[in-house]
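# Structure, please.
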Amino acid sequence: MVAAAQPLATQAGLEILEAGGNAADAALATAFVLSVVEPTMNGIGGRNLVLVRKIDGTFQGYNGMTEVPLNYVPPKIAVNSGHKTVATPGVVASLMRLYKEHGSLPLTQIMEASIKYASDGFKILPGEATRHQIAHKSMLEDSGFRMHMLKNDSLLYKSGEILKQPTLANTLQLIADTEGEDFYKGEIAKKIANDMEANGGFITLEDLKNYQATDMRYVTTNYRGYQIHTMPAPSGGGLLVKTLNILENFDLSNINDMQWAAIMNQALAISINTMETDYKENDLSLVQSKDWAKEKATSIVIPDIKTTSNNFTKTSMSKLLANNTDWSGNSWGKDSHHTTHFVTADCKGMVVSITQTVGPLFGSKVITPDLGFVYASTMGTYLSNSDQAPGSRPRTTIAPTIVTKDGKTVMVLGAAGGLRILSGIDQTISRHIDRNLNIKDAVAA
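Numbers count the residues shown, from 1 in each chain. As a prediction, this is how the structure comes out:
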């Protein structure tokens, strides 16, 4: 099974499974196609977090977050975009670790679809076209964007038109041929470093050579007989676990939706506020503490059933379904969508949950002309509240999550939308387990 936000990426993952590949192979194919067909959301110049449930039932996490360059000097006034906001990309390194430790098919076969869509082109979907339109002014300011994302140096591609990215195809081919080595130590690395040096950026060859996709710790909590497996800081999964542990102190099946929402809202707020006192979540026993959660639960106010009405009906729910949602987004608006999540599973029991992003719309708004991909925004206003010391990786709310029961996978989850990632995953888990909605309805709600 493959679930992704763009049909060509889903199809690429499925074709790899049908060719005899496993969930890791399918995740790689999906990830690389997504980086071609939805550059507004994600790409090989960005960051990701990966959670794998292996065939033996154990878990492995990879940290592919961008890393602040060693010679980074914070500006007096933070900027939104540009070369100065670009940190060392992590997506390729973490995907290559996933491949080397869990892949089974040749990498050239796994990446064939992404190289084909970059070289031969693909039809731009309406949402992607709208996001290009929103970013048009920024695109005109960067030579790489004008070359690769605009027609005749200035015109937007419209929905249904074919976008070809031959330069990106060459970059992807080099990654496939060298199993990612070239990105960090070869021709690609040199082109990244040269472009940064020429435009006031901070990434050097040394930063690229030293970058490693590191192991992520993972944390598990029992929630009403289900096991929730996710990753603590720098991921947002520790906050998910804290929220669920608080929620477990309430009977959420025998209350109305308004009361359920009020309890959920307060539990999320309590958990999210712990970022101020427990930023690094070094002590996992505190993250998992049921006693802490029980004590925090005492502060939650449940609205009186007499004063709340159950307004959440089938009719109101239909307004929230995907086909009634504005997916185009806006750089900082309430409907912005600049992160992608995808999931793969195979028949031997391996599942992969990956969230991949470039940050806000088109990330740093920078493309190296000779390479063809967008860089994430890391330093600057977007992540100004996170640690931006040289060598650090930003704290994030990204939280790939896997839910099991009696040793079997029940749900594999992840979301987009900054802090709403935590809200989306916790609500989906609670609506399914506590409110008895099937998974499709839980996600739609």
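# Point out where the chain drops to low pLDDT.
By pLDDT under 70, the weakly predicted segments of the chain are 306-337, 382-386.
# tell me which element the residue nearest to the spatial centre of it falls in.
For the chain, residue 355 is the residue whose C-alpha lies nearest the centre (CA atoms, centre = their mean; 2.5 Å). For residue 355, the element it lies in under DSSP states H and E is strand 351-357.
# Check residue 228 too.
Going by DSSP H and E, residue 228 is in strand 226-230.
# Contacts only, for the residue nearest to the centre of the chain.
48-49, 339-341, 398-400, 414-416, 421 (CB atoms under 8 Å, 6 or more residues apart in numbering). In this view, the C-beta of every residue, glycine as well, is placed from N, C-alpha and C.
# re earlier: now the strand holding residue 355 and strand 226-230, what's the angle there?
Interaxial angle, strand 351-357 versus strand 226-230 (axes from the mean of the first three to the mean of the last three CA atoms, to 10 degrees): 40 degrees.
# Just the C-alphas of strand 351-357, formatted as CSV.
What follows is strand 351-357, C-alpha atoms only, in CSV (Å, rounded to 0.1, in the frame of the first residue of the first chain):
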residue,chain,number,x,y,z
VAL,A,351,5.9,0.1,7.0
VAL,A,352,7.6,3.5,6.4
SER,A,353,6.2,6.9,7.5
ILE,A,354,8.0,10.0,6.1
THR,A,355,7.3,13.7,6.4
GLN,A,356,9.3,15.8,3.9
THR,A,357,9.4,19.6,3.5
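# Can you give the strand pairings for that strand, parallel or anti for each?
strand 47-53 (antiparallel), strand 339-345 (antiparallel) (DSSP bridges).
# can you list those in CSV and add distance to residue 426 and mean neighbour count?
Converted to CSV, the strands paired with strand 351-357 look like this (distance: least, CB to CB, whole Å; neighbours: other CB atoms under 10 Å):
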stretch, distance to residue 426, mean neighbour count
strand 47-53, 16, 27
strand 339-345, 15, 26
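# quick one on the thing from earlier: separation between the residue nearest to the residue nearest to the centre of the chain when sequence neighbours are not counted and residue 156?
In this structure, residue 355 finds its nearest non-sequential neighbour in residue 398, 4.3 Å apart by CB to CB, 6 or more residues apart in numbering. Residue 398 sits 29 Å away from residue 156, going by CB to CB, to the nearest Å.
# who touches the helix ranked longest in the chain?
Of all the segments of type helix in the chain, defined by DSSP state H, the longest one is helix 257-273. Identification of contacts with helix 257-273 by CB under 8 Å, 6+ apart yields 239-240, 242-243, 246-247, 250, 252, 255, 296-297, 299-303, 305, 308-312, 419, 422-423, 426-427, 430, 434-435.
# among those, which ones are buried?
239-240, 242-243, 246-247, 250, 252, 255, 296-297, 300, 308, 312, 422-423, 426-427, 430, 434-435 (16 or more other CB atoms under 10 Å).
# can you give me the helices in the stretch 251-400 of the chain?
For the stretch 251-400 of the chain, applying DSSP state H, counting those that start in this stretch gives helices covering 257-273, 284-287, 290-297, 314-318.
# Rebuild those as CSV, extending it with distance to residue 204.
Shown next, in CSV, are these (distance: least, CB to CB, whole Å):
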stretch, distance to residue 204
helix 257-273, 36
helix 284-287, 35
helix 290-297, 43
helix 314-318, 52
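# Between those, which one is closest to residue 105.
For residue 105, the closest of the helices of the stretch 251-400 of the chain is helix 284-287, at 35.1 Å, according to CB to CB.
# Run through the neighbouring helices and strands of that closest one.
helix 237-247 (3 or more CB pairs under 8 Å, 6 or more residues apart in numbering; DSSP states H and E).
# Need the contact partners of the helix it packs on.
With CB under 8 Å, 6+ apart as the criterion, helix 237-247 contacts 218-219, 221, 223, 228, 230-232, 263-264, 267-268, 270-272, 274-275, 281, 284, 287-290, 292-293, 296-297, 300, 397, 399-401, 422, 425-426, 429-430, 434.
# ok so, going back, for the contacts of residue 355, which one is nearest residue 80?
Checking those against residue 80 by CB to CB gives residue 339 as the nearest, at 17.3 Å.
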